[in-house]
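**Q** Model the following, please.
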Amino acid sequence: MSTLHYLQTSIAEPQQLMQLGIDAYSEFSEVLTPDNWADFYGRLIDAGGLQELLENAVVFVCTDGDRIVGVAYFMPSGNPSPIFQADWCYIRKVGVHPEYRGQGIAKRLMEMCMEYARQTHEHTLTLHTSEFMNAARHIYEGLGFTVFKELAPIFGKRYWLYRLDISKVD
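**A** Residues are numbered from 1 along each chain as shown. As a prediction, this is how the structure comes out:
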């Protein structure tokens, strides 16, 4: 029987986080074209991209012993991107190891991000997700996120920008 622990961390194992990303997202190799999967996978194994994320994001993890089995990266406002406005905070790369799915880990990590946004007086919490990430969309919508707009296709698939007014969440 596993004992799951949730925590905010500034010290995380980059290799373990990279492997978790690969494990969590590999199922999408079946729904993307080989070229799009190669691009997607390339981003999963991009050590520089992960390092940049770790330097700028607040990392929330779920652990089972020494093993990281879930992660969500919270990016505070002031970090604009082509998708996210400067005055928005946003969540990136929520991932749960396939062996641990169905235990509410992703939802709990999302709730931790939402609580952190409230505590740090953020106003708008956003994320983006795709048509092939149905389980994730279900979680986000259940937590009150709504589609703000459809984005240009990424990896040949439909993507949406979801938004939550964090000041209106209890």
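**Q** Phi, psi for residue 21 please.
**A** Phi and psi for residue 21, reported as degrees, to the nearest 10, are phi -60, psi -40.
**Q** Return the residues in contact with it.
**A** 44, 50, 71, 93, 95 (C-beta atoms under 8 Å, 6 or more residues apart in numbering). Every C-beta, even on glycine, is put in place using the N, C-alpha and C of the backbone.
**Q** from these, which would you call buried?
**A** Buried residues within the contacts of residue 21, counting neighbours by 16 or more other C-beta atoms under 10 Å: 44, 50, 71, 93, 95.
**Q** Among these, which ones are in helices?
**A** 44, 50 (DSSP state H).
**Q** quick revisit: closest to residue 60 out of the contacts of residue 21?
**A** residue 71 (7.0 Å; C-beta to C-beta).
**Q** Surely the closest one is in contact with residue 59?
**A** Yes: counting by C-beta atoms under 8 Å, residue 59 is a contact partner of residue 71 at 6.7 Å.
**Q** With distance to residue 15 and pLDDT added, can I get the contacts of residue 21 in a markdown table?
**A** Converted to a markdown table, the contacts of residue 21 look like this (distance: C-beta to C-beta, whole Å; pLDDT from 0 to 100):
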| residue | distance to residue 15 | pLDDT |
| --- | --- | --- |
| 44 | 13 | 96 |
| 50 | 9 | 94 |
| 71 | 13 | 97 |
| 93 | 15 | 96 |
| 95 | 15 | 97 |
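**Q** Redo these as CSV? Include distance to residue 21.
**A** Formatted as CSV, these follow (distance: C-beta to C-beta, whole Å):
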residue, distance to residue 21
44, 5
50, 8
71, 8
93, 6
95, 6
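**Q** following the lengthiest helix in the chain, which helix or strand comes up?
**A** Scanning the chain for the helix with the most residues, using DSSP H, yields helix 105-119. Per DSSP states H and E, the first helix or strand lying C-terminal to helix 105-119 is strand 124-130.
**Q** Name the strands paired with that following strand and say parallel or antiparallel.
**A** Applying DSSP bridges, strand 124-130 is found paired with strand 89-96 (parallel), strand 157-165 (antiparallel).
**Q** can you put those in CSV and add distance to residue 5?
**A** Conversion of the strands paired with strand 124-130 to CSV gives the following (distance: least, C-beta to C-beta, whole Å):
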stretch, distance to residue 5
strand 89-96, 14
strand 157-165, 26
